[in-house]
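A.B. asks: what's the 3D shape of this:
(one chain, ligands or ions: 2)
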Amino acid sequence: MEANYRSLEQELEAVKNRKVLWRKITAENLDVDYGLLLPRLLGSRLLDRLESELEYFTGDLAKIFVYGKWHPIHRQQVAFGDTGLTYTFSGNTIPALKWTPVLLCVRDIITAVTGHYFNFVLINRYRDGSDHISEHRDDERDLDPAAPIASLSLGRARDFIFKHCDARKPEPYKRNVSTVKLVLEHGYLLMMNPPTNKMWYHSLPPRKNCHGVRVNLTFRKMVQPS
Ligand SMILES: O=C(O)CCC(=O)C(=O)O
Ligand SMILES: [Fe+2]
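C.D. replies: Ligands and ions are numbered 1, 2, ... in the order given. Modelled structure (predicted):
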């Protein structure tokens, strides 16, 4: 009775030919594309697989160092990538674990659909609406500044907010630049294209009434260790 059964990897492979209908959103120095990559059931199958096979970092790798103190992160986190890559952000350095077959498969479909190459993925797991990520820019030295970041969302939909750096400044430097809000939904891919991460902060704020897990995969291009 296996004739009609296709493995997750085979199903993902078929997405390589998918024509994503992108919605482009632009503002001053902000350039993002947003579109459905994985049909609902396939997205759920992928989420189930990640939920059963991923183990998230613990201990020092699940902390950040800000304002002179170590803090636990308000979400779970793990990273995979090419051998030897590390990612230093928020005062901590995390290593890339060896790619799993399914993560390589997802990376390759994103490359097929977008034309961009990635050697690293940071995975964030939000257990419920109290897990979140604060305003930040992904502009670290380890990242290739000319490459986009591809962010795949699975599970519970969450608000995602972009804020221009000048809108965060104190008076009289502050400028009134409107925030850009998106709801990141199950199966959708968000491309953050340069120079977005130079000028715009982004966050996934806590949402008290949101119950359920969200897993987000941000595929990135790191500059190789020299
Ligand atoms: O969970 C998300 O959608 C975004 C995560 C993020 O911004 C990051 O890992 O840098
Ligand atoms: Fe980010």
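A.B. asks: is it true that residue 164 touches residue 202?
C.D. replies: No: counting by Cβ atoms under 8 Å, residue 164 does not reach residue 202; the two are 10.8 Å apart. Placement of C-beta: from N, CA and C, glycine included.
A.B. asks: Who has more neighbours out of those two?
C.D. replies: Neighbour tally, residue 164 and residue 202, criterion other Cβ atoms under 10 Å: the higher count belongs to residue 202, 24 against 20.
A.B. asks: How about the residues of this structure by ligand 1?
C.D. replies: Within reach of ligand 1 by Cβ under 6 Å from any ligand atom, the chain has these residues: 122, 124, 133, 138, 151, 160, 184, 202, 204, 216, 218.
A.B. asks: wait, the last one sits on residue 124?
C.D. replies: Yes: Residue 218 is within contact range of residue 124, at 7.5 Å (criterion: Cβ under 8 Å).
A.B. asks: Skipping adjacent residues, who's closest to residue 13 in space?
C.D. replies: Nearest non-adjacent residue to residue 13, counting by Cβ to Cβ, 6 or more residues apart in numbering: residue 105, 7.0 Å away.
A.B. asks: ok, residue 142 touching residue 122?
C.D. replies: No: taking contacts as Cβ under 8 Å, residue 142 lies outside contact range of residue 122: 10.9 Å.
A.B. asks: residue contacts, residue 142?
C.D. replies: Listed by Cβ atoms under 8 Å, 6 or more residues apart in numbering, the contact set of residue 142 reads 85, 86, 87, 88, 89, 222, 223.
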